[in-house]
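*Asks:* mind folding the following:
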Amino acid sequence: MEDRKEQFIIKAKGMLCPGIGSQDPVFLSVKDGINQAISDDMPESSSDEIVDLSTYTVSPCFSDYHLHFSEQAKAAAESNCKKGVTL
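*Replies:* Residues are numbered from 1 along each chain as shown. Got it, this is the predicted structure:
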């Protein structure tokens with residue numbers, strides 16, 4: 001699968017995010033899958049594709065579930081788990 005490099009702007013009704021509140025509207029600039037900027041004004045780059053989510057309020061992921069293993073626990077997991085575990 002090839003790596004797609006792309007840039008686009010998401011236009012949303014608002015955003016739920018600590019420190020930002022809900023701006024109306026909000027523009028998110030995304031490049032190569034990474035948020036570059038959040039603004040209440042339309043970014044100057046007019047060549048970017050606009051994803052119109054203006055009837056939706058957007059938010060970042062609220063939780064990031066992952067585990068941290070000690071070296072001993074990691075060794076036990078590696079010897080006991082053959083599939084479905086990222087270490």
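
*Asks:* quick one: the helices in this structure?
*Replies:* Along the chain, the segments classed as helices by DSSP state H run 71-80.

*Asks:* what ranges do the strands span in it?
*Replies:* Along the chain, counting by DSSP state E, strands occupy 7-15, 26-31, 34-39, 49-58.

*Asks:* could you give me the average pLDDT of the second one?
*Replies:* Spelled out, it's strand 26-31. Here strand 26-31 scores 88 as its mean pLDDT.

*Asks:* dump the strands of the chain into JSON lines; add distance to A76 as well.
*Replies:* The C-beta positions use only the backbone N, C-alpha and C, and glycine is treated the same way. JSON lines is the format used below for the strands of the chain (distance: least, C-beta to C-beta, whole Å):
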{"stretch": "strand 7-15", "distance to A76": "42"}
{"stretch": "strand 26-31", "distance to A76": "40"}
{"stretch": "strand 34-39", "distance to A76": "35"}
{"stretch": "strand 49-58", "distance to A76": "40"}
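
*Asks:* which one of those lies closest to E71?
*Replies:* With C-beta to C-beta as the criterion, E71 lies closest to strand 34-39 of the strands of the chain, at 31.7 Å.
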